[in-house]
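*Asks:* just the structure for this:
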Amino acid sequence: MRILVCIKQVPNQDAKYAINADNNGIIYDDNTAYWINMYDEHAIEAALQIKESIANSSIDILSIGPKRVESAIRRSLEMGADYGYRLVYEGEVTLSPSIKSQMIAEFCEGREYDLIITGVMSEDMMSGQVGPMLAARLDIPSATAVMQFIINTENNSIWLERELDGGLRGSLELKLPVLITVQSGINRPRYPSFSNVMRAKKSEIIEVATSTHLHNLQYERLVDIPEPEVGRQGIKLTGSLSEKAQALWELLHGKSLI
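*Replies:* Numbering: from 1, shown residues only. Next up is the predicted model:
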């Protein structure tokens, strides 16, 4: 079974950022820490469990971005994936889901994957659109927010259970090839073994060039990113302890709070 896991490298959510000059993108400084999107780690683990249960399975890892995303790909190889690919994109502006899905769809042409797995969403954008859009471009069935699945190799199908609104679950059976996006509760990602870490150090991450016409396929455009308006401001009390206590009392008394 050939499995593709699409991962994203995301910045530390507490990192400082700036809006670019065109007001259509976020820029992080060189000291920003990046790691694998949390939901994608569960996608990797799901693929590894399939590989352990179905003989002759292989796992490809794919990520889009600049050179730094190779650290996320290599971490996936350390967990046990077989091959790593980077779709080269050096731009600062965040790619839209429509462009990302087209880039991945072009990568998938001729590779004949039986199963494509992604996280249900990314921690930074939280749109959850790339997976379903990719399935539509590849003309294969898809299921989102998957919490459990079983692959039947005899009839080449997958049974799965999805998380629905209101705490409900829905189940369905689909013929392979299939794309699924997995929820965080589906498994617990493993730590890399020493042997896989050593193997990953020697593994080549293959760079794949992307088409130049992709931006013409964008369905939407980001018009503006405004800075959030300043709301309430704090008041800093100064002076001695008794002076600050008196100032606080006057402040609360003036607002009829005491």
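*Asks:* direction included, what does the helix or strand where residue 147 lies pair up with?
*Replies:* For residue 147, the element it lies in under DSSP states H and E is strand 142-152. Strand pairing for strand 142-152, using DSSP bridges, gives strand 157-163 (antiparallel), strand 178-182 (parallel).
*Asks:* list the helices and strands whichever helix in the chain runs longest packs on?
*Replies:* Criterion DSSP state H: the longest helix present in the chain is helix 38-53. Judged by 3 or more CB pairs under 8 Å, 6 or more residues apart in numbering; DSSP states H and E, the packing partners of helix 38-53 are strand 2-6, strand 58-65, helix 70-79, strand 115-119, strand 142-152, strand 178-182. Quick note: C-beta positions are derived from backbone N, CA and C, even for glycine.
*Asks:* how distant is it from the center of its chain?
*Replies:* Distance, stretch centre to chain centre, for helix 38-53: 14 Å (CA atoms, centre = their mean, to the nearest Å).
*Asks:* again with stretch 47-54
*Replies:* 21 Å.
*Asks:* can you give me the end-to-end span of stretch 222-233?
*Replies:* End-to-end distance for stretch 222-233, by CA to CA, to the nearest Å: 30 Å.
*Asks:* same check on stretch 28-45?
*Replies:* End to end - CA to CA - stretch 28-45 spans 29 Å.
*Asks:* dump the strands paired with strand 142-152 to TSV, plus mean pLDDT and distance to residue 211.
*Replies:* Formatted as TSV, the strands paired with strand 142-152 follow (pLDDT from 0 to 100; distance: least, CB to CB, whole Å):
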stretch	mean pLDDT	distance to residue 211
strand 157-163	97	31
strand 178-182	98	21
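*Asks:* part of a helix, is residue 174?
*Replies:* No. Counting by DSSP: H, G, I helix; E, B strand; the rest coil, one finds residue 174 to be strand, located in no helix.
*Asks:* kindly state the beta-bridge partners for it.
*Replies:* Counting by DSSP bridges, residue 174 is bridged to residue 158.
*Asks:* tell me the secondary structure of residue 94, please.
*Replies:* Quick answer, by three-state DSSP: residue 94 is coil.
*Asks:* so which of the helices and strands packed on helix 38-53 is nearest residue 96?
*Replies:* strand 58-65 (11.8 Å; CB to CB).
*Asks:* buried residues in the closest one?
*Replies:* Within strand 58-65, the residues that count as buried by 16 or more other CB atoms under 10 Å are 59-65.
*Asks:* cool, and stretch 178-190?
*Replies:* Neighbour-count burial for stretch 178-190, counted by 16+ other CB under 10 Å, picks out 178-183, 186-187, 189.
*Asks:* can you tell me what sits against it?
*Replies:* For stretch 178-190, the surrounding residues in contact (CB atoms under 8 Å, 6 or more residues apart in numbering) are 38-39, 41-46, 48-49, 79-80, 114-121, 128, 131-132, 134-135, 138, 140-149, 158, 160, 163.
*Asks:* what's the first-to-last distance across that stretch?
*Replies:* Stretch 178-190 has an end-to-end distance of 24 Å (CA to CA).
*Asks:* ok, now stretch 233-242?
*Replies:* Termini of stretch 233-242 sit 24 Å apart (CA to CA).
*Asks:* distance from it to the middle of the chain?
*Replies:* In terms of CA atoms, centre = their mean, the centre of stretch 233-242 is found 44 Å from the chain centre.
*Asks:* list just the nearest of the buried residues of strand 58-65 to residue 239.
*Replies:* Of the buried residues of strand 58-65, the one sitting nearest to residue 239 (CB to CB) turns out to be residue 65, at 52.1 Å.
*Asks:* residue 249: what secondary structure?
*Replies:* Per three-state DSSP, the secondary structure class of residue 249 is helix.
*Asks:* that one - nearest residue in space that isn't next to it in sequence?
*Replies:* Leaving aside its sequence neighbours, residue 249 sits nearest to residue 258 (CB to CB, 6 or more residues apart in numbering; 7.1 Å).
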